[in-house]
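**Q** here is a sequence together with a model predicted from it:
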Amino acid sequence: MPKMKTDRGAAKRIKVTGSGRLRRRQAFRSHLLEKKASKRTRRLATETGVAKADERLVRRMLGR
């Protein structure tokens, strides 16, 4: 059976921490920032975890 290929799009967007947790960037931070509050843009700048419901699918995409 051939090796399973990593989904390259997912690999570029999601990182796996040393403890095995999945981290991703938040949406709504790329443009139209002038109208968004500074507090909101700072909050969106932080990385967050992948939703529990999606974790199994994401791990499979990453070949883990």
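**A** Yes, it's here. Numbering: from 1, shown residues only.

**Q** quick one: distance of the host helix or strand of residue 43 to the chain centre.
**A** When elements are assigned from DSSP states H and E, residue 43 belongs to helix 38-45. Centroid separation between helix 38-45 and its chain, computed with CA atoms, centre = their mean, to the nearest Å, is 17 Å.

**Q** give the next helix or strand downstream of that helix.
**A** Using DSSP H and E, the helix or strand that follows helix 38-45 in sequence is strand 48-49.

**Q** what's that next one in contact with?
**A** 21, 22, 23, 24, 26 (CB atoms under 8 Å, 6 or more residues apart in numbering). Yep, even glycine has a C-beta here, placed from its N, CA and C like the rest.

**Q** one step back: got the CA coordinates for the helix holding residue 43 in PDB?
**A** Only the C-alpha atoms of helix 38-45 are listed here, as PDB (Å, rounded to 0.1, in the frame of the first residue of the first chain):
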ATOM      1  CA  SER A  38      -7.100  47.600  18.100                       C
ATOM      2  CA  LYS A  39      -8.200  45.300  20.900                       C
ATOM      3  CA  ARG A  40      -9.900  43.000  18.400                       C
ATOM      4  CA  THR A  41      -6.900  42.900  16.000                       C
ATOM      5  CA  ARG A  42      -4.500  42.100  18.900                       C
ATOM      6  CA  ARG A  43      -6.800  39.200  20.000                       C
ATOM      7  CA  LEU A  44      -6.900  37.900  16.400                       C
ATOM      8  CA  ALA A  45      -3.100  38.000  16.200                       C
END
